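**Student:** for reference, the sequence and a predicted model appear below.
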Amino acid sequence: MQAGDTPQRRRGLKQRGFGYLLVLFAIAAMGLLLAGAGQVWHTTAQREKEADLLFIGNQFRQAIRSYHDSTPGETKQYPATLQDLLEDNRFPVPRRHLRQLYRDPMTGNTAWGLVKAGDRIIGVRSLSENRPFKQAFDARDEALSGKLHYNEWIFTDAAATAAPTTMPPSPAGVAPAVGNKPNRL
């Protein structure tokens, strides 16, 4: 025993060690709680992005349909570019079928995969290869059920995929593309 070591001093040292362990356990528990909260936040954020993608995809779907239906004359056409949806110059007073070119919520940029029949756009899709949470959809988006990646969520005009009325499909069928360049799936 050292000089000055009293039973009270030794008891105080033991209590400080116990307090230190308690603080370490408390920090570890807080770390676990924060990790769980981070996972919940990530899941919630991805679900919100999925909802945004569904909304935006349907906005494009409606705009493409509007462009097609408002084509003057008997031969209906689909847009050649997404810019045509913003300003349709086929009329004396330009029409707007879409307010803006939306950003893809999954990738964060305005680049979209274009689904084309010939040189005309009949739909859009995300370029994200991430896996979706959502697997069950309402009747409007029923075709998205069971898809493994967001880039398989294709938003097309239903009439275009059922029976093309304007032009025959390209030899390779309906080919997804970004801009005018082919896109690898």
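**Tutor:** Structure's in. What do you need? Numbering: from 1, shown residues only.
**Student:** going forward, measure contacts between C-alpha atoms and count neighbours the same way
**Tutor:** Will do.
**Student:** any stretches of the protein with poor pLDDT?
**Tutor:** 1-16, 160-185 (pLDDT under 70).
**Student:** identify the residue nearest the geometric centre of it.
**Tutor:** residue 106 (3.5 Å; Cα atoms, centre = their mean).
**Student:** check contacts around it.
**Tutor:** 49-50, 53, 126-128 (Cα atoms under 8 Å, 6 or more residues apart in numbering).
**Student:** okay, and which of those residues map to helices?
**Tutor:** Per DSSP state H, helices hold the following members of these: 49-50, 53.
**Student:** tell me the one among the residues you listed nearest to residue 133.
**Tutor:** residue 50 (8.2 Å; Cα to Cα).
**Student:** tell me the contacts of the closest one?
**Tutor:** Here residue 50 is in contact with 105-106, 132, 134 (Cα under 8 Å, 6+ apart).
**Student:** and the residue nearest to the centre of the chain, that's in a strand?
**Tutor:** No - Residue 106 is assigned coil when assessed by DSSP: H, G, I helix; E, B strand; the rest coil, not a strand.
**Student:** thinking again about what came up before, dump the ones in helices among the contacts of residue 106 to CSV, plus distance to residue 112.
**Tutor:** Below are the ones in helices among the contacts of residue 106 laid out as CSV (distance: Cα to Cα, whole Å):
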residue, distance to residue 112
49, 15
50, 15
53, 11
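**Student:** pick out whichever of these sits closest to residue 42.
**Tutor:** Nearest member of the ones in helices among the contacts of residue 106 to residue 42, counting by Cα to Cα, is residue 49, at 10.6 Å.
**Student:** with adjacent residues omitted, what lies nearest to the closest one?
**Tutor:** Nearest non-adjacent residue to residue 49, counting by Cα to Cα, 6 or more residues apart in numbering: residue 105, 5.6 Å away.
**Student:** ok, the one you found - how many residues close by?
**Tutor:** 19 (other Cα atoms under 10 Å).
**Student:** before we move on, what about residue 116?
**Tutor:** Neighbour tally, residue 116, other Cα under 10 Å: 25.
**Student:** mind giving me the packing neighbours of the helix or strand hosting it?
**Tutor:** Secondary structure from DSSP states H and E places residue 116 in strand 113-117. Under the contact criterion of 3 or more Cα pairs under 8 Å, 6 or more residues apart in numbering; DSSP states H and E, strand 113-117 touches strand 120-125, strand 175-178.
**Student:** can you list the strands that the first one pairs with?
**Tutor:** Looking back up the chat, that one is strand 120-125. Strand 120-125 has the following strand partners under DSSP bridges: strand 113-117 (antiparallel), strand 154-156 (antiparallel).
**Student:** stretch 93-102: end-to-end distance?
**Tutor:** Stretch 93-102 stretches 24 Å from its first residue to its last (Cα to Cα, to the nearest Å).
**Student:** what are the buried residues along that stretch?
**Tutor:** Residues of stretch 93-102 classed as buried: 95-98, 102 (neighbour count, 16 or more other Cα atoms under 10 Å).
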